[in-house]
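# Pasting the sequence and the predicted model now:
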Amino acid sequence: MSRTAWEPCLSANSILSRLRRDHLLQVLLLLALVLAAVDPRPPRAYLQWLDLPTLAGLTGLLILTEGVRASGHVQGFALHLVARLRDTRALAFVLVSLAATLATVLTNDVALFLVVPLTLAIDRIARIPRQRLVIFEALAVNAGSTFSPIGNPQNLLLWQHSRLGFFGYVAALAPAGAVLLVVLLVACRFAFSATPLRLHEGAYAAPRLDTALLAGSLALLVSMVLALQWGYAIPAASIVLAIGLLFFRRVLAGVDWLLLVTFAAMFTGLGHLAALPVVHAHVGALDWRDPRVTYAGGILLSQLISNVPAAVLLQHYVPNLTLLAAAVNVGGSGLVIGSLANLIALRLDGSRGIGWRFHAWSIPYLAMTAVIVALAWRL
């Protein structure tokens, strides 16, 4: 393995430079270290919070979507899409609808790993409001994944404990998902102008295509999604990593490995925080039989520890798991920490200032959708 192939992701200076700029990762690492010092736990607890199957799944998805991007076909499709659409608003509707649809039939993470690189590719050939598009795509996958029991981790968890069938769960969550998606599409009408799409000079240069890499990455991506649903994330990710080491080292060099460190720090720190006795004491003291407590509690706790840990914690207290699912899915917007998908989208974009711009859209979006979903559930 050549040393230069790994320099972009493994150079010590590069990692330290990025770590100094990544304030979210700094906060998460500090939280995990402080909690480990003041409330030490046995190693098995940290392994449980680390959630190795989820991390393994994210690893496999990151590698394979980087393979799709490196094949050049994403850039080619981006050029084709821009040539067919006339203005920025039309592009926004297409990308947001695509993100929501993929999140419904696949998962929200997979949807982002496919749509955000497409958006970045379009940004390289045309003048578009890239940050705003990525923000809306993050909100779109949270909305789209609400419809499906397998659309996101919290839905999968709560569905398995709800005793509802697949379509029964879909019917129960459909009103919340519809509100989230319709409000977002209406917001698109006002957030994006009908400015004609203009290609950058020299944008018609055809990208270098690697069809074999695309076919292999897509085949493994489908297998990875199936492995995640069947509970074989760790073996599947190990196979993907081994194939990458043997045949596609340049793909591994392009993976954002610090993103995985961010997720590991978040799982460990927030999992430890949720397990503190004082947290359990205050959570258990609330009347979770009251639907209003369930709904408000699920949304607010998602803003503090993210919606997946919130669902894990509250499932032990809440009798109405479908209402809890609606609450934590609504709570995926608002603060960036509300959903893992938000973190993925912003990290895939990687540009400065996108965090503040995300909150400028996501917090009003949360306030509006939370009220409408509450009215739909007659709370």
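Here it is on my side, so go on.
# and L31, what element?
Assessed by DSSP states H and E, L31 sits inside helix 23-38.
# Buried residues of that helix, list them for me.
L24, L25, L28, L29, L31, A32, L35 (16 or more other Cβ atoms under 10 Å). Yep, even glycine has a C-beta here, placed from its N, CA and C like the rest.
# Spatially, which two of those residues are the most separated?
Maximum pairwise distance in these, criterion Cβ to Cβ, is 16.8 Å, between L24 and L35.
# who touches the most centrally placed residue in the chain in this structure?
Centroid-nearest residue in the chain: A341, 1.6 Å away (criterion: Cα atoms, centre = their mean). Residues in contact with A341, defined by Cβ atoms under 8 Å, 6 or more residues apart in numbering, are N108, D109, L112, A138, V141, N142, S145, N152, G332.
# at 7 Å instead, please
Contact analysis of A341 by Cβ atoms under 7 Å, 6 or more residues apart in numbering lists N108, D109, L112, A138, V141, N142, G332.
# again, but for L213
Per Cβ under 7 Å, 6+ apart, neighbours of L213: G67, A70, S71, F248.
# just checking, R69 touches V116?
No - using Cβ atoms under 7 Å, R69 is not in contact with V116, being 9.8 Å away.
# do you know how far the residue nearest to the centre of the chain is from R86?
Going from A341 to R86 by Cβ to Cβ, to the nearest Å gives 29 Å.
# ok, now Y365?
27 Å.
# which of the two has more neighbours?
Y365 (22 against 13; other Cβ atoms under 10 Å).
# sorry, back to before: could you give me the buried positions within the helix or strand that the helix holding L31 is followed by?
Proceeding N to C from helix 23-38, the next assigned helix or strand is helix 43-50, under DSSP H and E. The neighbour-count check on helix 43-50 (16+ other Cβ under 10 Å) flags Y46, W49, L50 as buried.
# name the element the closest residue in space to the second one that isn't next to it in sequence belongs to?
This points to W49. Spatially, and ignoring its direct neighbours in sequence, W49 is nearest to G271 (3.0 Å; Cβ to Cβ, 6 or more residues apart in numbering). Counting by DSSP H and E, the element that carries G271 is helix 257-275.
# what angle sits between the helix or strand that that helix is followed by and helix 257-275?
For helix 257-275, the following helix or strand on the C-terminal side (DSSP H and E) is helix 277-284. Helix 277-284 runs at 70 degrees relative to helix 257-275, counting by axes from the mean of the first three to the mean of the last three Cα atoms, to 10 degrees.
# Among the buried residues of helix 43-50, which one lies nearest to I122?
When the buried residues of helix 43-50 are compared for distance to I122 (Cβ to Cβ), L50 wins out at 35.6 Å.
# any idea how far that closest one lies from V82?
41 Å.
# Check A140 too.
A140 is 19 Å from V82, where distance means Cβ to Cβ.
# go on, A32?
For A32 relative to V82 (Cβ to Cβ), the value is 43 Å.
# same thing with P42?
Per Cβ to Cβ, P42 is found 54 Å from V82.
# For those two, indicate the residue with more neighbours.
Neighbours per residue (other Cβ under 10 Å) separate P42 from V82, with V82 holding more: 19 against 8.
# ok, now which ones touch that one?
By Cβ under 7 Å, 6+ apart, V82 lies in contact with I122, I125, A126, L197, L199.
# Now for the contacts of L213: which two are most distant?
Farthest pair in the contacts of L213 (Cβ to Cβ) is S71 and F248. Separation: 10.2 Å.
# leaving aside the residues next to it on the chain, what's closest to R41?
Nearest non-adjacent residue to R41, counting by Cβ to Cβ, 6+ apart: H272, 7.1 Å away.
# Redo the buried residues of helix 23-38 as a markdown table? Include distance to A212 and pLDDT.
Output for these, formatted as a markdown table (distance: Cβ to Cβ, whole Å; pLDDT from 0 to 100):
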| residue | distance to A212 | pLDDT |
| --- | --- | --- |
| L24 | 37 | 75 |
| L25 | 35 | 83 |
| L28 | 38 | 85 |
| L29 | 39 | 91 |
| L31 | 43 | 90 |
| A32 | 41 | 92 |
| L35 | 46 | 94 |
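# wait, which of those residues is closest to D256?
Distances from D256 to the buried residues of helix 23-38, taken by Cβ to Cβ, are shortest for L25, at 11.6 Å.
# any idea how far that closest one is from G338?
17 Å.
# Which helix in this protein has the most residues?
If you go by DSSP state H, the chain has its longest helix at helix 166-191.
# Measure how far that one is from the centre of its chain, please.
Relative to its chain's centre, helix 166-191 lies at 17 Å (Cα atoms, centre = their mean, to the nearest Å).
# Low-confidence ranges, this structure, go.
Per-residue confidence for the chain (pLDDT under 70) gives these ranges: 1-15, 200-207.
# and stretch 356-369, C-alpha only, in CSV?
Extracted as CSV, the C-alpha positions of stretch 356-369 are listed here (Å, rounded to 0.1, in the frame of the first residue of the first chain):
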residue,chain,number,x,y,z
TRP,A,356,-25.6,28.5,11.7
ARG,A,357,-27.5,28.5,8.4
PHE,A,358,-28.9,25.1,9.2
HIS,A,359,-30.4,26.4,12.5
ALA,A,360,-31.8,29.4,10.8
TRP,A,361,-34.0,27.0,8.8
SER,A,362,-34.4,24.0,11.1
ILE,A,363,-35.6,25.7,14.3
PRO,A,364,-38.5,27.5,12.6
TYR,A,365,-39.3,24.3,10.7
LEU,A,366,-39.3,22.4,14.0
ALA,A,367,-41.6,24.9,15.7
MET,A,368,-44.1,24.9,12.8
THR,A,369,-44.2,21.1,12.2
